[in-house]
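Trainee: Need a 3D model of the sequence below.
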Amino acid sequence: MLRNMSIRKRLMVILTMVYIVTMIGAVTAGYYVLSRDSLREAREKTQLFATVMSANQKYMARYIRPEIMDLLPDTYFPEANVGIVMMGETAKMIEADYPDYIFKVASPNPLNKANRSDAFENSIIAGFDNGDYETWEGSVTKAGRHYYASAVPVVARKSCIWCHDAPETANPEMVEEYGKDSGYGYEVGDLVGGRFIYVPMADADKMTMKKLAGFGGGISLLFLVAMLIIDRIIIGTVVKPIEDLVEVAEDISRGKMDREFNVKGNDEIKLLADAFSRMKVSLAKAMDILRK
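Mentor: Numbering: from 1, shown residues only. Model (predicted):
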């Protein structure tokens, strides 16, 4: 197919093919790099969220719970002396400003039924229990939305047992609030659930595609400018000199021996013009001999 095209068209086809291959490679590489950057940002957000939750829990356990238990030992105030409750309330305040973020202490056997783990969370908790991993992070889709999630195991500590041993030994107000059907039977060291943090990726995905579109558009513009420049250069330095050679050669073939092959430069086209000039001289001598 290329053999039947002019030099100019042939070059444009080749440049177009190079453009397509380059775009596929550049867009693929760009998407990989930008996606990795989005994942890095999402990972940093989950780590920050987790750090805030852990700091609140540690602060409560170190300073608030001892004071509450000392001053008001019989008072039912889980927001101040139950770490999971305190983290949940803190998360609600954060989610008020960032409604797409999700913080959940999930368990197959929760005291608060709102914390019951779903199928995905059960699989991660089972992985913790089997020793498949100590922590987990990765992408997941929940309710049709793309999240970057992280999870750490939740192990029953001694401070958990007074609430989760049996309904008969738990605070009556807590039993009245949550019932007796779930959240009991914990023993120290039991893996009872996982702490999950979900950071939405929708905005990051949109930004990735926006950057990718700008990246692809920039490459396309550069290729367009390059193709126009190359086209002008090829016309001026290759196509036009060859067309001039063809025109002069055709005139000479018709007997116009006064025409000259004039080519500027010192490239292959100049060598061809010189060869044609010598051929013209030889042809003129041969014609003179024939006339005599």
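Trainee: What's the local residue count around residue 58?
Mentor: When neighbours are defined as other Cβ atoms under 10 Å, residue 58 has 11 of them. The way it works is simple: take the backbone N, C-alpha and C, and place the C-beta from them, glycine included.
Trainee: That one sits in which helix or strand?
Mentor: Secondary structure assignment for residue 58, by DSSP states H and E: helix 7-59.
Trainee: Ranking helices and strands of the chain by mean pLDDT, which lands last?
Mentor: The helix or strand of the chain with the poorest confidence is helix 78-81; it has a mean of 73 (mean pLDDT, DSSP states H and E).
Trainee: How much space separates residue 224 from residue 23?
Mentor: Separation of residue 224 from residue 23 (Cβ to Cβ, to the nearest Å) stands at 12 Å.
Trainee: picking up where we left off before, who touches the following helix or strand past the least confident helix or strand of the chain?
Mentor: Next in sequence after helix 78-81, counting helices and strands by DSSP H and E, comes helix 83-97. Outside of helix 83-97, the residues within contact range by Cβ atoms under 8 Å, 6 or more residues apart in numbering are 49, 52-53, 56-57, 60-61, 78-80, 101-103, 105, 115, 159, 195.
Trainee: Can you tell me which of the residues you listed are buried?
Mentor: Among those, those buried by neighbour count (16 or more other Cβ atoms under 10 Å) are 49, 53, 56-57, 60, 78, 80, 101-103, 105, 115, 195.
Trainee: Report the lowest-confidence entry in those.
Mentor: Among the buried ones among the contacts of helix 83-97, residue 80 carries the lowest pLDDT, at 72.
Trainee: Contact partners for that one?
Mentor: 60, 64-65, 68, 86.
Trainee: Any chance of a markdown table for these, columns distance to residue 208?
Mentor: Converted to a markdown table, those look like this (distance: Cβ to Cβ, whole Å):
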| residue | distance to residue 208 |
| --- | --- |
| 60 | 38 |
| 64 | 42 |
| 65 | 43 |
| 68 | 47 |
| 86 | 36 |
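Trainee: Going by distance to residue 42, which of these wins?
Mentor: Set against residue 42, the nearest of the contacts of residue 80 by Cβ to Cβ is residue 86 (25.3 Å).
Trainee: Which secondary structure state does residue 137 sit in?
Mentor: Secondary structure state of residue 137, per DSSP: H, G, I helix; E, B strand; the rest coil, is strand.
Trainee: now swap in residue 154 and tell me
Mentor: strand.
Trainee: Then residue 147?
Mentor: Residue 147 falls in the strand class when you classify it by three-state DSSP.
Trainee: tell me the contacts of the most centrally placed residue in the chain?
Mentor: Centroid-nearest residue in the chain, with Cα atoms, centre = their mean: residue 35, separated by 1.2 Å. For residue 35, the contact set (Cβ under 8 Å, 6+ apart) comprises residue 208.
Trainee: Which parts of the protein belong to which domain?
Mentor: 2-18+209-291, 41-200 (automatic domain parsing).
Trainee: now, of those, which is deepest in the fold?
Mentor: Comparing the domains of the chain by mean neighbour count (mean count of other Cβ atoms under 10 Å), domain 41-200 comes out on top with a mean of 16.
Trainee: Sketch out the low-pLDDT regions of the stretch 151-292 of the chain for me.
Mentor: Along the stretch 151-292 of the chain, the model assigns pLDDT under 70 to residues 292.
Trainee: same thing but 80
Mentor: Scanning the stretch 151-292 of the chain for pLDDT under 80 picks out 159-160, 162, 203, 236-239, 251-258, 260-267, 269-270, 273-274, 276, 280-292.
Trainee: what's around residue 26, how many residues?
Mentor: 16.
Trainee: Now it. Nearest residue, chain neighbours left out?
Mentor: With sequence-adjacent residues excluded and distances taken as Cβ to Cβ, 6 or more residues apart in numbering, residue 26 is closest to residue 219, at 5.5 Å.
Trainee: and the angle for the helix or strand where the one you found lies with helix 7-59?
Mentor: For residue 219, the host element (DSSP H and E) is helix 202-234. If you take axes from the mean of the first three to the mean of the last three Cα atoms, to 10 degrees, helix 202-234 sits at 160 degrees to helix 7-59.
Trainee: I'm done for today, thanks for sticking with me.
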